[in-house]
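[1] A predicted structure for the sequence below; I have some questions about it.
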Amino acid sequence: MTNLPSVRPLRIDDDLVAAALAAVCLYLEAEQAEAIEEAPSRSAWQAAALISAQGGTPTRSGITAAWRTADRVGRAAHWSAGILGTFD
């Protein structure tokens, strides 16, 4: 017979199990992080088309609406009746 080194079974304790589970979790997290692809950013036109295709109505920006109101108020402040306003 040949002298083969005896192979003793490993002692499995809580620390070994915790280390193995941590290694598997780290491996899976790294693998999943590589698989996640970020969605490309959409332009305002593409977002509006998507909302319209889903049956919704695209909303307008509150800033744009506020500027339109301010512009309208400014025009009304400088409005005159012209020559017709002199016949009172």
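    Nice, thanks for sending it over. Numbers count the residues shown, from 1 in each chain.
[2] all helices of the chain, in order?
    Secondary structure of the chain (DSSP state H): helices at 14-35, 44-53, 62-77.
[3] per-residue confidence at Leu21?
    Leu21 carries a pLDDT score of 92 in this model.
[4] Next: Leu10.
    Model confidence at Leu10 (pLDDT) stands at 71.
[5] what's the answer for Ser80, then?
    71.
[6] Cys25 too?
    At Cys25, pLDDT is 91.
[7] do the same with Thr86
    Reported pLDDT for Thr86: 67.
[8] shaky segments in the protein?
    1-2, 4-9, 35-39, 58-65, 81-82, 84-88 (pLDDT under 70).
[9] Asn3: which of the helices of the chain is closest?
    helix 14-35 (29.1 Å; C-beta to C-beta). Backbone N, C-alpha and C define where each C-beta goes, glycine included.
[10] Tally up the residues packed near Arg42, please.
    Counted with other C-beta atoms under 10 Å, residues neighbouring Arg42 total 11.
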